[in-house]
Every structure is written in C-alpha cells, then in structure tokens.
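# What shape does this take:
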Amino acid sequence: MSRLTVLGIGNLLMSDDGVGPRLLEAVRARRDWGEGVEFVDGGAGGLNLLNVVESAERMVVFDAAEMGLSPGEYRVVRPEQISDDTPRDRVSMHDVPFMETLKLCGRFYHSPETVTLLVVQPKTTDFGRGLSEELSGGFEALVEAAERVVADAMGD
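Coordinates of the predicted model:
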C-alpha cells in the first residue's frame, strides 16, 4: 500500500484559520493509523510545503478557505474540481495558496497520485488562539468528517 500524507494547514494564532492543524491533531489522536500514514502540520502553508507535497504518494489536506458558505460548513474536493479561474481567496487563506504549491510540484517536481482536500469555511481569521463559536460548536462533526476522509484515502 502506498503511503498517505495527511497535511493540516493554518495559523493557530489566527482563530479559524487554525482549523487545519487542529483537525490534524484530533484525527491523529482518534486511533492508531499505522506506519503507512504520516501526519504533517504545515503551519501557514506556502512554498515551504513543496518538499512535503513532492514526497507524498497520496495526500489529504485540511484547511480553511473563504467559500461564501456558513461558518463551519465544509467541502471535500479534489484539485481537479477547482477551476483555474477561481479567485485565489476562494481556495486558501494563505499568501501562497496550497493549490499553487500543488501546481508547482506537478509542473516541476513530483505530485501525489491523489489529493483530497477537506476545506472549512471560517467565521473569522482575526488574531485569536481559539476557534469561533461556530467552528468550536461543530468541531466534533468536523473531526468525524475528517476521519472519514482519511479512512477513505487509506481504502478502509
């Protein structure tokens, strides 16, 4: 079985932007995922993730993104479902969106066989250590959805 990399992207100091790393830790703690799964806290993302993406065989990504949804709503998407004309701020909250990093890997390096993104609509990305009420109130449901995404990517 090929290796799966689970990547959480976000800044824990910017309220809901930190949902990616929080989901990563919660899913990691849910069960023993075995040696075939690597969990990586990607911090605020950007080009420093090139080596993580390039070395992944398969990848699941947790992140926050402005999608025009209600806070706490999420979508599970694949990169091919995100069009090139989607505004940059609709795909990532970061200076260099994850999709740009993924495209660079595909163009110049190696990109994973499959990538699945679980993207959560934030309420706020203002300075703050905790999640908004909307996201913290629905966090357990987000963790369950994230766990299903990882299990599906593993073939469970």
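# For the protein, which element, helix or strand, carries the lowest mean pLDDT?
Scoring the helices and strands of the chain by mean pLDDT, DSSP states H and E places helix 98-108 at the bottom, with a mean of 69.
# Within its sheet, name the partner strands of the very next helix or strand once past that one and how each one runs.
Per DSSP states H and E, helix 98-108 leads on to strand 114-120 as the next helix or strand towards the C-terminus. Neighbouring strands of strand 114-120 in its sheet, by DSSP bridges, are strand 58-64 (parallel), strand 74-77 (antiparallel).
# Just the mean pLDDT for strand 114-120, thanks.
Mean per-residue pLDDT for strand 114-120: 93.
# Centre of the chain to it, how far?
Put simply, strand 114-120 sits 6 Å off its chain's centre (C-alpha atoms, centre = their mean, to the nearest Å).
# Which residues belonging to that strand are considered buried?
115-120 (16 or more other C-beta atoms under 10 Å). No exception for glycine: its C-beta is placed from N, CA and C like everyone else's.
# Over to stretch 75-85?
77, 79, 82.
# repeat for stretch 31-38
Under the neighbour-count criterion of 16+ other C-beta under 10 Å, stretch 31-38 has 33, 37-38 buried.
# Show me which pair in the buried residues of strand 114-120 is furthest apart.
Longest distance between any two of the buried residues of strand 114-120 is 16.7 Å, between V115 and V120; criterion C-beta to C-beta.
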